[in-house]
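[1] next input, structure requested:
(one chain, ligands or ions: 1)
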Amino acid sequence: MTYTPAENRYDSMTYRRCGRSGLDLPAIALGLWQNFGHENPEATQREIVLHAVDRGITHIDLANNYGPPPGAAESFFGRLLATDLAPYRDELVISSKAGYRMWPGPYGEWGSRKYLLSSLDASLRRLGLDYVDIFYSHRDDSTTPLHETMGALKTAVDSGRALYAGISSYTAERAAEAVTVAAEIGLTLLVHQPSYSMLNRWVEHGEPSALDVTERAGMGNVVFSPLAQGMLTEKYLDGVPEGSRAARSGSLREEFLTEETLGHVRALAGIARDRGQTLAQLAIAWVLRDPRVTTALVGASSVRQLDDSLRALDNLDLSTEELARIEEHAVDAGVNIWAGRTR
Ligand code: NAP
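    Got it, this is the predicted structure:
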């Protein structure tokens, strides 16, 4: 059936300015990291993404390696663009990234110009697009000069293959260096994409913190895994449900679900209930409490989950008292698997 987007799709979404750029992004965006590969029915994937668009989610986040297998999520989204979304391309901010292993050999991952630009071309072919809106260096590679990595991002922008450039999972120190190098070569970095949630607060730490660095540079923050991959919902409070991400023993390791952490999650769920929210909604409102955070970038394996997350927008205000209660339980839980994935 031909897709016609909901007429009222811009009525209930909140848009936030991305740093000191001219680009507004939705407060909640959808990422296709998991659930959009060959293991899931394409009809379900289509339903989730089109529902997102119907609800004003203008920003869809991808990367070369999303699937499984790597490339599958971009190929799926390319088909969706061709069949359903092509007329609405200009209403969408589509991002991709390169940094993780994509093909064998020395040019299939990390931060070289050789890898980043050939990967971007491959992403554009899978997506069937002339350009992506945002192209990211997906992870820091300290063995490649930042002049080379930032230079590749600048070429991506100057050649029209990307409208904006970003970095992902860079430490505060390396983000600051990247900003300096980018300025030297005349590249403006739009955005940082770090992990951030009530169980993973590394972006707040340090002087300056990663959030401070981006604020000073005029960059926004699209923060990923605000639900800690599902741990900040109530689904794991009575064991690991079949088919859940933790049951698939991939990125959400069962050893993260310690009694201590589940105790904090239970307490946070209680605070959410007192506010008339689900825990997912509180988790999203909490990352968005900081104006330096532009967007909470969520995942979803069903329309129901996405709708649950979207209802966070009905109550984003957190009182001083609520924040103090949350502070006791919003503790780092050792779930930042991305910290160790740089070199
Ligand atoms: P998340 O929102 O923290 O977790 C999403 C998962 O939580 C869903 O797949 C689902 O898992 C579960 N879930 C979501 N809503 C739920 C609800 N209402 N009730 C119960 N369970 C719910 O985010 P994420 O998927 O980890 O990451 C989001 C996006 O961030 C990715 O798609 C990607 O675009 C981006 N990301 C970027 C990087 C990077 O290095 N830059 C790394 C990771 C992610 P089930 O499968 O168990 O249903």
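
[2] do you know the pLDDT at F224?
    For F224, the pLDDT comes out at 98.

[3] so it makes contact with G31?
    Yes: using C-beta atoms under 8 Å, F224 is in contact with G31, at 6.5 Å. Glycine gets a C-beta too; all of them are placed from N, C-alpha and C.

[4] okay, the two: which has more neighbours?
    F224 (26 against 23; other C-beta atoms under 10 Å).

[5] what about the residue nearest to L313 when sequence neighbours are not counted, how many residues nearby?
    Distances taken as C-beta to C-beta, 6 or more residues apart in numbering put T14 closest to L313, at 5.6 Å, once the chain neighbours are dropped. When neighbours are counted by other C-beta under 10 Å, T14 registers 13.

[6] S249 too?
    S249 has 10 nearby residues by other C-beta under 10 Å.

[7] what do you get for R113?
    Residues lying near R113 (other C-beta under 10 Å) number 18.

[8] show me what contacts the residue nearest to it when sequence neighbours are not counted?
    Once flanking residues are discounted, R113 sits nearest to A152: 4.2 Å by C-beta to C-beta, 6+ apart. By C-beta atoms under 8 Å, 6 or more residues apart in numbering, the contact set of A152 is G111, S112, R113, L116, L117, S137.

[9] just these now: which is nearest the ligand?
    Using C-beta to the nearest ligand atom, S137 comes nearest to the ligand of those, at 10.0 Å.

[10] bridging residues for the closest one?
    Going by DSSP bridges, S137 is paired in beta bridges with A98, I167.

[11] leaving out chain neighbours, which residue sits closest to whichever residue of the stretch 151-300 of the chain sits closest to the ligand?
    Closest contact between the stretch 151-300 of the chain and the ligand, by C-beta to the nearest ligand atom, is at G299 (2.2 Å). Among residues not flanking G299 along the chain, G31 sits closest, at 5.4 Å (C-beta to C-beta, 6+ apart).

[12] how about N40?
    Closest to N40 by C-beta to C-beta, 6+ apart is S301, at 7.4 Å.

[13] need the pLDDT of that neighbour.
    At S301, pLDDT is 97.

[14] ok, it - how many residues close by?
    18.

[15] one step back: which one among the contacts of A152 gets closest to M219?
    M219 lies nearest to S137 out of these, by C-beta to C-beta, at 13.2 Å.

[16] alpha carbons of stretch 220-229, as CSV, please.
    C-alpha atoms of stretch 220-229 as CSV (Å, rounded to 0.1, in the frame of the first residue of the first chain):
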residue,chain,number,x,y,z
GLY,A,220,24.8,19.5,20.0
ASN,A,221,24.6,16.0,21.6
VAL,A,222,22.6,13.2,20.2
VAL,A,223,22.8,10.8,23.1
PHE,A,224,22.4,7.1,22.4
SER,A,225,21.1,4.2,24.5
PRO,A,226,19.2,6.4,26.9
LEU,A,227,17.3,3.3,28.0
ALA,A,228,20.6,1.5,28.6
GLN,A,229,19.7,-0.9,25.8
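
[17] where's that stretch relative to the chain centroid, distance-wise?
    Mean-position distance between stretch 220-229 and its chain equals 5 Å (C-alpha atoms, centre = their mean, to the nearest Å).

[18] now stretch 316-333: average pLDDT?
    Averaged across stretch 316-333, pLDDT comes to 98.

[19] just the endpoints, please. Distance across it?
    Stretch 316-333 has an end-to-end distance of 24 Å (C-alpha to C-alpha, to the nearest Å).

[20] now do the strands in the stretch 101-250 of the chain.
    For the stretch 101-250 of the chain, the strands defined by DSSP state E, counting those that start in this stretch occupy 132-137, 162-168, 189-193, 220-224.

[21] tell me the contacts of the residue of the stretch 151-300 of the chain closest to the ligand?
    L30, G31, L32, W33, Q34, N35, S225, L227, Q229.

[22] could I get those residues in TSV, plus columns for distance to L62?
    TSV is the format used below for the contacts of G299 (distance: C-beta to C-beta, whole Å):
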residue	distance to L62
L30	10
G31	8
L32	5
W33	8
Q34	12
N35	13
S225	15
L227	19
Q229	18
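
[23] so H264 is in which element?
    Applying DSSP states H and E as the criterion places H264 in helix 259-274.

[24] following that helix, which helix or strand comes up?
    Per DSSP H and E, the first helix or strand lying C-terminal to helix 259-274 is helix 279-288.

[25] and G128, what pLDDT?
    pLDDT for G128: 98.

[26] that one - how many residues pack around it?
    By other C-beta under 10 Å, 15 other residues sit near G128.

[27] the spatially closest residue to it that is not a sequence neighbour: which element?
    Spatial nearest neighbour of G128, excluding adjacent residues (C-beta to C-beta, 6+ apart): G78 at 4.4 Å. Assigning secondary structure by DSSP H and E places G78 in helix 72-80.

[28] report the inter-axis angle for that helix versus strand 132-137.
    Helix 72-80 and strand 132-137 are oriented at 170 degrees to each other (axes from the mean of the first three to the mean of the last three C-alpha atoms, to 10 degrees).

[29] ok, now which ones touch G243?
    Under the criterion of C-beta under 8 Å, 6+ apart, G243 has no neighbours.
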